[in-house]
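Participant: based on what follows, work out the 3D shape:
(one chain, ligands or ions: 1)
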Amino acid sequence: MDDLPEARNYEVADKLEFQPRRRSKACARTTAGGASAMEGVANCMGRDMAFRMEMTQKLWRRPEEVDEVASEVAVEGLAWEVQRGSCLLQPSSWERRCGLQKLLGRLSLLREDRRVLWELRAEVCDDALGGYKGLNEEVITGSAKNSWKSGTEGAESDDTQGPKVTYVPPAPPEDEDSIFAHYQTGINFDKYDSILVEVSGHDVPPAILTFEEANLCQTLNNNIAKAGYTKLTPVQKYSIPIILAGRDLMACAQTGSGKTAAFLLPILAHMMRDGITASRFRELQEPECIIVAPTRELINQIYLEARKFSFGTCVRAVVIYGGTQFGHSVRQITQGCNVLCATPGRLMDVISKEKIGLRQVRYLVLDEADRMLDMGFGPEMKKLISCPGMPSKEQRQTLMFSATFPEEIQRMAGEFLKLNYLFVAVGQVGGACTDVQQTVLQVGQYSKREKLVETLRNTGAGMGDERAMVFVETKKKADFIATFLCQEKISTTSIHGDREQREREQALGDFRCGKCPVLVATSVAARGLDIENVQHVINFDLPSTIDEYVHRIGRTGRCGNTGRAVSFFDPESDRHLAQPLVKVLSDAQQDVPAWLEEIAFSTYVPGFSGSSRESVFTSVDTRKNFRGKSTLSTAGFSSSQIPNPADDESWD
Ligand SMILES: Nc1ncnc2c1ncn2[C@@H]1O[C@H](COP(=O)(O)OP(=O)(O)OP(=O)(O)O)[C@@H](O)[C@H]1O
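Facilitator: Model (predicted):
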């Protein structure tokens, strides 16, 4: 067998997130740290992961040795060995369900040895047990081995395409204490009252100041009290009467300020008023309300809120999302469905399989609406509103909520909303939550890992006292950084789109309960997730858009609690974010580092005006601009381009 050329070996190294000029140091580090590092890993993650790290180290050897290791692993033939071998060869795919194709793709880096390739292929197909595991995470065996995802949700549910998804998520607890469990509002909750709110559009219903003024039915009021809500947040004060008045709405309010209840409560109030009850055990269910959100975890969270507020009523909420058994979704639906919470792919599936009819839809809610209308989900949403049976926008009420609303998205939203929709802006459109203390550090790519450990140790999250979310750019890197942190004896788990749904839910559960106080995530966890005690967000990699930044840091500082966000700014790759970052920081009364300002004003960003800072940012309600009116003085910011998914993440 010919030696791999040196350049090729570098490519292998790159796949492992190391760069050539970094290799010698990294290698020396792992070798010198050898035994203790391995012990750390073994302690944190069990022997399985320790082995992975060992194999990773071997990759620092010369090319022919890499092949040697691969051959050893494959030829020895034990599934166990091969399983670990697969980890060696594709560390980013420590997922069981990572398909053969991906593996082959990575293996082609070592394409010289066909024998290795084929033997590995056979074994991985047979028993792909790998998978990144957080502390004590369940090891999935035999029965789950065919449950890897095969592309889109549509494919998952289609009996004829790809392996079936068999995961049935556990039912949430039914006892009242669990249903109404909530965390405390923070010291800044009352400060919400001082945020400026602007409502644009005609015939705006007056805001309400208390829950009593909303005139909700007794059961809803009881549920609101049990949920610990005593006072309305601004977005609730304005949105509830607007929705109760039957108006379409686009509402923008800072992260963690109660947008979910702002749409759920008036919808449920209407349903109760209309005497809606779930029709049980019908093949085709016709919900009155459909709520869509971009991620599985978020839609599940919205469902739990809907279940909480509809507790003790005849209204039945149901959740369906990808990564779970299609039959399970159907069973949930056929038991009766008034409020359907769904991710777009699974929703289109159940519609096409005629499990859901749209004729009765009175409310269509797009949570994280800007994300739901962007290039990723926009086409599917358009398909949804033109599905046979879906009432026209004149016949239904359409509600959109988010903390960010780029101009282009607002324009596109017109297709979904009645002409006279109202726009509620609490504070600045696209503004960051002011309860989050933001710090931006200049950190080059090769210093990020050391800085991360230092930051986590300083914050206490690494010691297990506090919780931190670490955002990275790619799924592969999420695994890599999670493993690295475990090696540093920081209990960590990860969530990203290459993990099985079962693993994603377990990772989130472990993070929520504090078993793993650090969660490394891709942007799949950037929006909407409401997790108690997340005191820190670290942007190991900054996202590609400022809106995504606003959502990410909004995982902390929720509901009047304070939080901290630290972002590593790499001047090599993040220059385009300098201007909007300066704007977001200064709008939230945060310190702006002089170096960042310098970069911001020396960088030309297409679509941004360099001459005047103000002209860079859009107005609150873009309809004002269309009508030739001047930009409001309280101008907010949103990115000037329709956002793209910020990384290599696959979305629901
Ligand atoms: N009036 C209220 N009183 C007390 N707690 C509230 C109130 N409204 C909402 N909350 C709580 O505040 C937290 C954040 O609410 P929610 O998740 O709806 O925020 P959000 O605005 O949708 O955030 P994001 O933009 O991140 O999606 C939740 O735990 C929710 O139960």
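
Participant: where along the stretch 201-350 of the chain do the helices fall?
Facilitator: Under the criterion DSSP state H, counting those that start in this stretch, helices of the stretch 201-350 of the chain are mapped to 218-226, 234-244, 259-273, 296-309, 326-334, 344-352.

Participant: what's in contact with the third one?
Facilitator: Helix 259-273 has contacts (C-beta atoms under 8 Å, 6 or more residues apart in numbering) with 214, 216-217, 219-220, 224, 229, 233, 235-236, 239-241, 243-244, 251, 253, 288-289, 291, 301-302, 305-306, 309-310, 313, 315, 338-339, 362-363, 365, 367, 399, 401-403. All C-beta atoms are positioned from the backbone trio N, CA, C, and that covers glycine.

Participant: quick one, that helix and helix 234-244 angle?
Facilitator: 30 degrees (axes from the mean of the first three to the mean of the last three C-alpha atoms, to 10 degrees).

Participant: give me every residue that touches T439.
Facilitator: T439 neighbours (C-beta under 8 Å, 6+ apart): R564, A565, V566, S567, D591.

Participant: element containing it, please.
Facilitator: T439 belongs to strand 436-442 when elements are defined using DSSP states H and E.

Participant: which is the next helix or strand following that strand?
Facilitator: helix 448-459.

Participant: now do that next one: which elements does it pack against?
Facilitator: If contacts are counted by 3 or more C-beta pairs under 8 Å, 6 or more residues apart in numbering; DSSP states H and E, helix 448-459 sits against strand 467-471, helix 475-487, strand 534-539, strand 563-569.

Participant: a markdown table for the helices of the stretch 201-350 of the chain, including mean neighbour count, mean pLDDT and distance to Q395?
Facilitator: Below are the helices of the stretch 201-350 of the chain laid out as a markdown table (neighbours: other C-beta atoms under 10 Å; pLDDT from 0 to 100; distance: least, C-beta to C-beta, whole Å):
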| stretch | mean neighbour count | mean pLDDT | distance to Q395 |
| --- | --- | --- | --- |
| helix 218-226 | 16 | 98 | 25 |
| helix 234-244 | 25 | 98 | 16 |
| helix 259-273 | 23 | 97 | 15 |
| helix 296-309 | 23 | 98 | 23 |
| helix 326-334 | 19 | 96 | 23 |
| helix 344-352 | 22 | 97 | 18 |
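
Participant: in CSV: these, plus distance to the ligand.
Facilitator: Shown next, in CSV, are those (distance: least, C-beta to the nearest ligand atom, whole Å):
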stretch, distance to the ligand
helix 218-226, 8
helix 234-244, 6
helix 259-273, 3
helix 296-309, 7
helix 326-334, 23
helix 344-352, 17
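
Participant: just give me the closest of the contacts of T439 to the ligand.
Facilitator: For the contacts of T439, the closest approach to the ligand (C-beta to the nearest ligand atom) belongs to A565, at 13.3 Å.

Participant: could you check the pLDDT of the residue nearest to the closest one when sequence neighbours are not counted?
Facilitator: Nearest residue to A565, sequence neighbours excluded (C-beta to C-beta, 6 or more residues apart in numbering): I553, at 3.8 Å. Turning to I553, the model gives it a pLDDT of 98.

Participant: what sits against I553?
Facilitator: I553 is in contact with T255, A432, C433, V436, Q438, V537, N539, G563, A565, S567, counting by C-beta under 8 Å, 6+ apart.

Participant: picking up where we left off before, buried subset of the contacts of T439, written for ChimeraX?
Facilitator: Only the buried entries of the contacts of T439 go into this ChimeraX selection, using 16 or more other C-beta atoms under 10 Å:
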select :564,565,566,567
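
Participant: for stretch 419-426, what is the average pLDDT?
Facilitator: In this model, stretch 419-426 carries a mean pLDDT of 97.

Participant: in that stretch, what's buried?
Facilitator: Judged by neighbour count (16+ other C-beta under 10 Å), stretch 419-426 contains these buried residues: Y421, L422, F423, V424, A425, V426.

Participant: and E454, how many neighbours does it have?
Facilitator: 12 (other C-beta atoms under 10 Å).

Participant: how about the residues of the chain by the ligand?
Facilitator: Within the chain, the positions lying close to the ligand (C-beta under 6 Å from any ligand atom) are 182, 185, 228-229, 231-233, 236, 253, 255-261, 403, 528, 530, 554, 558-559.

Participant: which members of these are classed as buried?
Facilitator: 185, 229, 232-233, 236, 253, 255-261, 403, 528, 530, 554, 558-559.

Participant: restricted to strands, list those residues.
Facilitator: If you go by DSSP state E, those have nothing in strands.

Participant: low-confidence ranges in this structure?
Facilitator: 1-163, 462-465, 604-620, 624-652 (pLDDT under 70).

Participant: what about 80?
Facilitator: Flagging of the chain using pLDDT under 80 yields the residue ranges 1-164, 278-281, 460-465, 604-652.

Participant: domain ranges for the protein?
Facilitator: Domains of the chain are assigned by the TED database as 176-426, 436-602.

Participant: just say which of those domains is most tucked in.
Facilitator: Greatest average neighbour count among these goes to domain 436-602 (a mean of 22), per mean count of other C-beta atoms under 10 Å.

Participant: and it, end to end?
Facilitator: 27 Å (C-alpha to C-alpha, to the nearest Å).

Participant: what of stretch 312-319?
Facilitator: End to end - C-alpha to C-alpha - stretch 312-319 spans 18 Å.

Participant: list of residues touching that stretch?
Facilitator: So stretch 312-319 is contacted by 219-220, 222-223, 268, 271-272, 276-278, 287, 299-300, 302-303, 306-307, 310, 332-333, 335-342 (C-beta under 8 Å, 6+ apart).

Participant: if we go to 6 Å?
Facilitator: 219, 271, 277-278, 300, 303, 306-307, 310, 332-333, 336-341 (C-beta atoms under 6 Å, 6 or more residues apart in numbering).

Participant: swap in stretch 416-432?
Facilitator: Residues contacting stretch 416-432 (C-beta under 6 Å, 6+ apart): 195, 197-202, 234-235, 238-239, 242, 247-254, 393, 398, 404-405, 550, 553, 584, 587-588, 620-621, 636-638.

Participant: enumerate every residue touching the closest residue to the ligand within the stretch 551-652 of the chain.
Facilitator: Going by C-beta to the nearest ligand atom, the ligand is nearest to C559 of the stretch 551-652 of the chain, at 3.5 Å. Residues in contact with C559 (C-beta under 6 Å, 6+ apart) are T185, G256.

Participant: and the gap between it and H536?
Facilitator: C559 sits 17 Å away from H536, going by C-beta to C-beta, to the nearest Å.

Participant: and for Y421?
Facilitator: Counting by C-beta to C-beta, the gap from Y421 to H536 is 37 Å.
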